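A structural model of the following input is requested.
(one chain, ligands or ions: 1)
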Amino acid sequence: MTTKTIGIILNGATGRICSTQHVANALAPIRDEGGLPDGTDRIMPRLMLAGRNAEKLAAIAKNTGAEWTTDLDKALADPAYTVFFDAAATSQRQGALEKAIAAGKHIYSEKPVALLVDKGLELLRAMNAKGLKHGAVEDKLGLPGLQKLSRLAAANYFGRMTGFRLEFGWWVFDGTEVACQRPSWNYRKKDGGGLILDMYPHWRYVIENTLGPMRRVISAMSTATPERIDERGAHYSVDVDDSASTLIELESGAVGTILASWATRVRRDDLLTFQIDGTAGSAVAGLHRCWTSTSAQTPRTAHFSIATDLNVDYRANWHEITDSGPFKNPYRIGWENFLRHVATGAPMQADFSAGIRDVQFAEACYRSVKDGAWVSMDHGLPARGA
Ligand SMILES: NC(=O)c1ccc[n+]([C@@H]2O[C@H](COP(=O)([O-])OP(=O)(O)OC[C@H]3O[C@@H](n4cnc5c(N)ncnc54)[C@H](O)[C@@H]3O)[C@@H](O)[C@H]2O)c1
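Residues are numbered from 1 along each chain as shown. Prediction:
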């Protein structure tokens, strides 16, 4: 047995998503279990946490057995680290990835991988010119609820798909009476904020990988909460969307919707729900659970009454899929795929091209708002892995 060590620089390591999901729940466990099995060999991640705040970095490094640095350039110059992962603030991503590519590192990136499709394509071309491997974080398909739903789609449970509906969001406090529960950069354009840019990349791969390619999209968006209070208690103006609604027409002809908002109160099955309807049956998934209702279980609704509540329990015809897993942490699934891709050339479905397609969806939605028109999703992006 040989152990292949892969040195990884984790940029933005003190951030919420990097310190929790990527380091504590994915990479540190892989390392502590003796590395990722690869045939008779093991792939061992070696972690270098990079960021600006030495104190915070040292604390995370201590808890997770990692090394740390505030000197990103020095880490990039070290040949012991062959992978660069970026999970720092979205607005800094382009510059960070350009530097890492120039240093010859393989690239794994949080979403959105770029602010614009053209900028993402520049990065992709630079990576390809250097023969670097690349991947994008596309974690949501690993959620247990969405895994159950995509298995139904793959098994042709739905028959001919007639439509879909994805609903997401909850109330994000503005900071006046209750502290805001999301970082303030999410609400500033210059920092890469905006609900569509931040969240729609996820819905692109969730929808296309489950239901097939999108043909065209049209969106409306608004700023429900125009003023917020930031982490330091200062008032600031929100200059991005915090609510958005989108119609999506798939290549198959089916039409679906996304309703997403940071200004809604949850009265659905979960914070995220994704319902697919088809001639043979429907299913709706939350983050963890998934319910189905077949054609045979569908009530023959014929009328409603304006005088009395018919007192029908519409949920009674839905049945939960019982599958207790085990389900792996979705971020760990991404890392396992990427580490195998780097170590052995195993295929990487969520490569940088996929990440750019995620950005393309957000960009198309913004363009449709600006133009007040449908926008095609056929952009001629380079083929996967090209
Ligand atoms: N895949 C997912 O589900 C998911 C979830 C949350 C966030 N994200 C992505 O991860 C990234 C970070 O999000 P987060 O919620 O962890 O944010 P965060 O605010 O908690 O962390 C951001 C990190 O970037 C660093 N940073 C901020 N400004 C910087 C600058 N000017 N220069 C260098 N570093 C800077 C911060 O110190 C911090 O380490 C974003 O791109 C976001 O889109 C992805």
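
What count of nearby residues applies to the residue of the chain found nearest the ligand?
Closest residue of the chain to the ligand, C-beta to the nearest ligand atom: G15 (2.4 Å). All C-beta spots, glycine's among them, are computed from the backbone N, C-alpha and C. Neighbourhood size, G15 [other C-beta atoms under 10 Å]: 18.

And F85, by the same measure?
F85 is flanked by 30 other residues according to other C-beta under 10 Å.

Tell me the secondary structure of it, please.
strand (DSSP: H, G, I helix; E, B strand; the rest coil).

List the contacts of the closest residue to it other than its chain neighbours.
Nearest residue to F85 in three dimensions, chain neighbours excluded: Y108, at 4.6 Å (C-beta to C-beta, 6 or more residues apart in numbering). Each residue near Y108 by C-beta atoms under 8 Å, 6 or more residues apart in numbering is listed here: V83, F84, F85, D86, H134, G135, A136, V137, G334, W335, F338.

wait, is Y108 part of a strand?
Yes - residue state for Y108 (three-state DSSP) corresponds to a strand.

Name the residue most distant from the centre of the protein?
In the chain, A307 marks the outermost C-alpha relative to the chain mean, sitting 45.5 Å out by C-alpha atoms, centre = their mean.

For it, give me its contacts.
A307 touches nothing, counting by C-beta under 8 Å, 6+ apart.

Next one: the closest residue to the residue of the chain closest to the ligand other than its chain neighbours relative to E110, how far apart?
Nearest residue to G15, sequence neighbours excluded (C-beta to C-beta, 6+ apart): A87, at 5.7 Å. According to C-beta to C-beta, to the nearest Å, A87 and E110 sit 4 Å apart.

shared neighbours of these two, anything?
Going by C-beta under 8 Å, 6+ apart, residues that sit against A87 and also against E110 are G12, I17, C18, V137.

ok, those vs A77, which is closest?
Of all these, G12 has the smallest distance to A77: 19.1 Å, by C-beta to C-beta.

you'd agree that closest one is up against C18?
Yes - judged on C-beta atoms under 8 Å, G12 makes contact with C18 at a distance of 5.2 Å.

Need the residues touching each of these two.
A87, A88, E110.

Got the confidence number for S324?
S324 is assigned 79 on the pLDDT scale.

Next, the contact list for it, please.
Not one residue lies near S324 by C-beta under 8 Å, 6+ apart.

For it, grab phi and psi.
phi -90, psi 10 (degrees, to the nearest 10).

Roughly how far does it sit from N25?
According to C-beta to C-beta, S324 and N25 sit 19 Å apart.

Over to M127?
Counting by C-beta to C-beta - M127 and N25 are separated by 27 Å.

still on that earlier bit, per-residue pLDDT, the residue nearest to F85?
98.

mind showing which ranges of this protein have poor pLDDT?
379-386 (pLDDT under 70).

tell me the centre residue of it?
Closest-to-mean residue, the chain, C-alpha atoms, centre = their mean: H202 / 3.8 Å.

Spatially nearest residue to that residue (excluding sequence neighbours)?
K140 is the one closest to H202 (C-beta to C-beta, 6+ apart), at 4.8 Å.

wait, what's in contact with that neighbour?
L146, H202, Y205, V206, L272, P330.

was I right about the residue nearest to the centre of the chain contacting K111?
Yes - the pair formed by H202 and K111 meets the contact definition of C-beta under 8 Å, at 6.8 Å.

hey, what's in contact with both of these two?
With contacts taken as C-beta under 8 Å, 6+ apart, the residues that reach both H202 and K111 are E138, D358.

domain assignment for this protein?
Split into domains by automatic domain parsing, the chain comes to 3-140+329-347, 141-320.

Reformat the ones you listed as a markdown table; add distance to S368.
Formatted as a markdown table, the domains of the chain follow (distance: least, C-beta to C-beta, whole Å):
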| stretch | distance to S368 |
| --- | --- |
| domain 3-140+329-347 | 14 |
| domain 141-320 | 5 |
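
Go through those and pick out the most buried.
Highest mean neighbour count among the domains of the chain (mean count of other C-beta atoms under 10 Å): domain 3-140+329-347, with a mean of 19.

so what's the backbone phi/psi at the residue nearest to G15?
phi -130, psi 30.

ok, which stretches of the stretch 51-200 of the chain are strands?
Assigned by DSSP state E, counting those that start in this stretch, the stretch 51-200 of the chain shows strands spanning 67-69, 81-86, 106-109, 134-136, 161-169.

Contact residues of the stretch 51-200 of the chain facing the ligand?
Contact residues (C-beta under 6 Å from any ligand atom) of the stretch 51-200 of the chain with the ligand: 51-52, 87-90, 92, 110-111, 137, 139, 183, 198.

Flag every residue of the stretch 201-350 of the chain that's near the ligand.
Going by C-beta under 6 Å from any ligand atom, none of the residues of the stretch 201-350 of the chain are near the ligand.

May I see the buried residues of stretch 346-358?
M348, A350, D351, F352, S353, A354, G355, I356, R357, D358 (16 or more other C-beta atoms under 10 Å).

Can you show me the strands along the stretch 251-386 of the chain?
For the stretch 251-386 of the chain, applying DSSP E, counting those that start in this stretch gives strands covering 255-261, 272-278, 281-285, 290-294, 319-320, 375-376.
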